[in-house]
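Visitor: Next come a sequence and a model predicted from it.
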Amino acid sequence: METSDYNKIALKLSPMLNALSHPARVQIMLHLAKFNGCQAGSISGKLPLAKSTVSEHLSKLKETGLITCIADGICSNYQISDEGYEMVKASFNEFVDLMEQSRAMRSDCCPVHPGNTQVFQHI
């Protein structure tokens, strides 16, 4: 399937969902939401993960624009990106709206053909 064949919300939401697909990254986001900036060491102290693993998760979140990293001397402070936050919020809201619209107009995916009374075929 070509990329152009996908719905625009699928293309917009997929990288964010991928970045949030690991429980540790969700936990990191929830942790960062509480602070203006947080050092990686402080984040790893809140999770049962090695600092190097937390660093990998931070890189994935930063790569998708969900968080930013601000150098402060020899330390790096991570924070939720305002733009990333708004992007996630808007994309999820758009997705939920599309789901609600689709659910309101539901129909049978596989209509029963005349003479065929078996709706589902067991594999």
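Guide: Good, I have the coordinates.
Visitor: Which strand or helix spans residue 24?
Guide: helix 23-32 (DSSP states H and E).
Visitor: Report the buried residues of that helix.
Guide: Residues 24, 25, 27, 28, 29, 31, 32 are the ones in helix 23-32 that count as buried (16 or more other CB atoms under 10 Å). Every residue, glycine included, has its C-beta placed from N, CA and C.
Visitor: List the single closest residue to the first one in space, sequence neighbours excluded.
Guide: Right, the one you point to is residue 24. residue 57 (5.3 Å; CB to CB, 6 or more residues apart in numbering).
Visitor: for the last one, same thing?
Guide: If the residues on either side of it in the chain are set aside, residue 32 comes closest to residue 80, at 4.9 Å by CB to CB, 6+ apart.
Visitor: pretty sure that neighbour is in contact with residue 67, am I right?
Guide: Yes: using CB atoms under 8 Å, residue 80 is in contact with residue 67, at 5.7 Å.
Visitor: Find the residues that touch each one of these two.
Guide: Shared contacts of residue 80 and residue 67 (CB atoms under 8 Å, 6 or more residues apart in numbering): 29, 32.
Visitor: roughly how far apart are the residue nearest to the spatial centre of the chain and residue 105?
Guide: Central residue of the chain (CA atoms, centre = their mean): residue 17, 2.5 Å from the mean position. Distance, residue 17 to residue 105, by CB to CB, to the nearest Å: 24 Å.
Visitor: other SSEs contacting the helix or strand of the chain with the lowest mean pLDDT?
Guide: When the helices and strands of the chain are scored by mean pLDDT, DSSP states H and E, helix 40-44 comes last with a mean of 87. Helices and strands touching helix 40-44, as assessed by 3 or more CB pairs under 8 Å, 6 or more residues apart in numbering; DSSP states H and E, comprise helix 23-32, helix 51-63, strand 75-80.
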